[in-house]
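Quick one, fold the following:
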Amino acid sequence: MYTRKPCILVVSSVSPLYRQVRLALQEEGYDILKALSYSRGVAMAYSYRPDLILLDMDLSVYRTMSGFDFCTQLRQSLSTPIIAISAVPAIREKVRTLDEGADDYLAEL
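A predicted model of the protein is given here:
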């Protein structure tokens, strides 16, 4: 019987962050998908239905939507857990991110 490996969608354009996450999680048996923009991440979340989304809140390459918009849009119909990652340790951003639908917020130091 075929069992699907757990799948994690990483929404980030930062190669070092993605590379570290991918290597660590693949060693643990996860399939990793990568989206370079928020809009692509939304499309992939609906198409692939990952088990978890790691969301780079500082994705500045494409500004058609924000990380907040990403969370809001996904929460309209998906319950996939979202962990937001940001270089900004500000409490205000953390609270807003959680209010918009993220399940957790990690500030890089």
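
Which residues belonging to the helix-or-strand element of the chain with minimal mean pLDDT are considered buried?
For the chain, counting by mean pLDDT, DSSP states H and E, helix 15-27 ranks last in confidence among helices and strands (a mean of 84). Going by neighbour count (16 or more other C-beta atoms under 10 Å), the buried part of helix 15-27 is 17-18, 21-22, 25. Backbone N, C-alpha and C define where each C-beta goes, glycine included.

Can you point out the buried residues in the next helix-or-strand element following it?
As assigned by DSSP states H and E, the chain's next helix or strand after helix 15-27 is strand 31-35. Neighbour counts using 16+ other C-beta under 10 Å place 32-35 of strand 31-35 among the buried residues.

With stretch 94-101 instead?
Under 16+ other C-beta under 10 Å, the buried positions of stretch 94-101 are 94, 96-97, 100-101.

Need the residues that contact that stretch.
By C-beta atoms under 8 Å, 6 or more residues apart in numbering, the residues outside stretch 94-101 that reach it are 57, 67-68, 71-72, 74-75, 82, 84, 86, 104-105, 107.

Same check on stretch 17-32?
Here stretch 17-32 has contacts from 5-8, 10, 12, 34, 54, 56, 85, using C-beta under 8 Å, 6+ apart.
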